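Participant: Model the following, please.
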Amino acid sequence: MVELFQGTWKSISCENFEEYMKELGIGRASRKLGCLAKPTVTIMTQEDLITIKTKSIFKNNEISFKLGEEFEETTPGGHKTKSTVILDDDSLIQVQDWDGKEITIRRKLVDEKMVVENVVNNVTSTRIYERVQTSPVSNF
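Facilitator: Alright, predicted model coming up:
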């Protein structure tokens, strides 16, 4: 199922991202930049290792992990978190511990687009990506 997410994706829309970042305690200037970013996300697998690379004109970020195993992550904003990613039905669900706050990032495929929902407390942000390139199973 993870194979379906593989490839390169370009952000085409973003809703409520500033409110989401505000809930995380991100400063106003960084929130404004975050809302302007139109990131490109590349998802790759090699055996049981999954890598997600996020690139934008402001920040680049890369995480590599195995499903169900906790890993340390530094967010694009520089926060250190502990994360775990699982595959649940048709979604990749990432749970982050962000300074005592639980953040859920759900990636799912809907009508050939990747929908990414970020949730903290009762605030949800949704970003939609369209695929710009497919990627073979073990392409790094």
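
Participant: okay, CA-based contacts and neighbour counts for the rest of this
Facilitator: OK.

Participant: And for stretch 114-121, what's in contact with it?
Facilitator: By CA atoms under 8 Å, 6 or more residues apart in numbering, the residues outside stretch 114-121 that reach it are 5, 9, 20, 23-24, 101-109, 124-131.

Participant: With stretch 73-80 instead?
Facilitator: Lys59, Asn60, Asn61, Ile63, Glu72, Thr81, Lys82, Ser83, Trp98.

Participant: Would you mark the buried spots in stretch 48-64?
Facilitator: Of the residues in stretch 48-64, Ile50, Thr51, Ile52, Lys53, Thr54, Lys55, Ser56, Asn61, Glu62, Ile63, Ser64 count as buried by neighbour count, 16 or more other CA atoms under 10 Å.

Participant: Please enumerate the strands of the chain.
Facilitator: Assigned by DSSP state E, the strands in the chain fall at 7-15, 40-46, 49-55, 60-65, 71-74, 80-88, 91-98, 101-110, 113-120, 123-133.

Participant: Please identify the buried residues of the longest one?
Facilitator: When neighbours are counted by 16+ other CA under 10 Å, the buried residues of strand 123-133 are found to be Thr124, Ser125, Thr126, Arg127, Ile128, Tyr129, Glu130, Arg131.

Participant: repeat for the second one
Facilitator: Applying a neighbour-count criterion of 16+ other CA under 10 Å, the buried positions in strand 40-46 are Thr40, Val41, Thr42, Ile43, Met44, Thr45.
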